[in-house]
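J.: Kindly generate the corresponding structure for this input.
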Amino acid sequence: MVSKNNVTEVLELNESLKHLNRQAERISLIALNAMLMARKESCTQNGFSRVTTELRKFCSNLTVRTELLSGYIFRIVNQMSELEKQANNLRIISETALKSQKCSNTLGNPQVMLEVQQRLIDELTRELTDTKAELMVELNRTIKQSMSGENLGVLAKVESQKSSVGGALSLIADQVYDTVNEIQHSLKQATYSVA
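T.: Next comes the predicted model:
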């Protein structure tokens with residue numbers, strides 16, 4: 001039914017999402033630092049300030065998305081646990097039915113009990129499959145959203161070149177761009193682990 005590998009993959013995915021949240025927080029702090037630096041230098045850095053404001057919004061949205069994904073993972077873990085429990089129940093009913101075929105009147109009809117239990121397992125399996133499909137949809141949406149972060153990273157690089165403190169802002173823009181790419185890579189890896 002539910003293998004330890006499946007559980008391990010889901011837990012690893014959850015750890016990846018925690019890592020994504022830390023990356024989003026990092027970008028948000030970098031963007032805040034850059035925005036303050038740009039504002040401190042002069043009003044000519046307004047373009048960079050706007051980009052960093054957008055980056056902070058991007059990070060906030062990414063955090064919301066990863067929390068949503070974590071909710072799906074929580075549901076999957078619970079569904080896997082329930083599925084394993086019901087599979088164990090099916091084994092017990094099956095073993096009991098075999099041992100007590102002569103006493104079927106005391107247990108009720110063992111065949112009916114087995115069929116009911118199997119239907120429950122089938123339903124739980126469908127729910128788990130549906131939840132995994134929903135998780136994939138949300139992962140793909142999050143990947144698409146992360147592409148806007150990549151565009152913002154590029155825009156930050158462009159704006160930093162216009163700046164009188166271009167070196168410092170360029171370094172920050174590079175950090176943002178690299179971290180956004182790392183986020184995209186992590187999201188794509190997460191997609192492969194769910195598929």
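J.: Spatially central, which residue of the protein would that be?
T.: The centroid of the chain falls nearest to Leu69 when counting by Cα atoms, centre = their mean (4.0 Å).
J.: Helix or strand for that one, just tell me which one.
T.: Using DSSP states H and E, Leu69 falls within helix 46-99.
J.: Quick check: mean pLDDT of that helix?
T.: The average pLDDT within helix 46-99 is 84.
J.: what are the ranges of the helices in this protein?
T.: In the chain, the helices defined using DSSP state H lie at 4-41, 46-99, 104-107, 110-162, 166-194.
J.: any idea how far the residue nearest to the centre of the chain lies from Asn140?
T.: Separation of Leu69 from Asn140 (Cβ to Cβ, to the nearest Å) stands at 11 Å. Where C-beta positions appear, they are placed from N, C-alpha and C, glycine not excepted.
J.: for the protein, what are the low-confidence residue spans?
T.: Scanning the chain for pLDDT under 70 picks out 1-5, 38, 41-46, 98, 100-109, 163-169, 194-195.
J.: one more time with 50, if that's ok
T.: 43, 104, 106 (pLDDT under 50).
J.: returning to what we had before: so the helix holding Leu69 versus helix 166-194, what angle?
T.: Relative orientation of helix 46-99 versus helix 166-194 (axes from the mean of the first three to the mean of the last three Cα atoms, to 10 degrees): 20 degrees.
J.: Kindly provide the distance from the residue lying closest to Leu187 once chain neighbours are set aside to Leu171.
T.: Spatially, and ignoring its direct neighbours in sequence, Leu187 is nearest to Ile143 (4.8 Å; Cβ to Cβ, 6 or more residues apart in numbering). Distance of Ile143 to Leu171, given as Cβ to Cβ: 27 Å.
J.: neighbour-wise, which of those two wins?
T.: Ile143 (17 against 13; other Cβ atoms under 10 Å).
J.: ok, that one - contacts?
T.: With contacts defined as Cβ atoms under 8 Å, 6 or more residues apart in numbering, the neighbours of Ile143 are 184, 187-188, 191.
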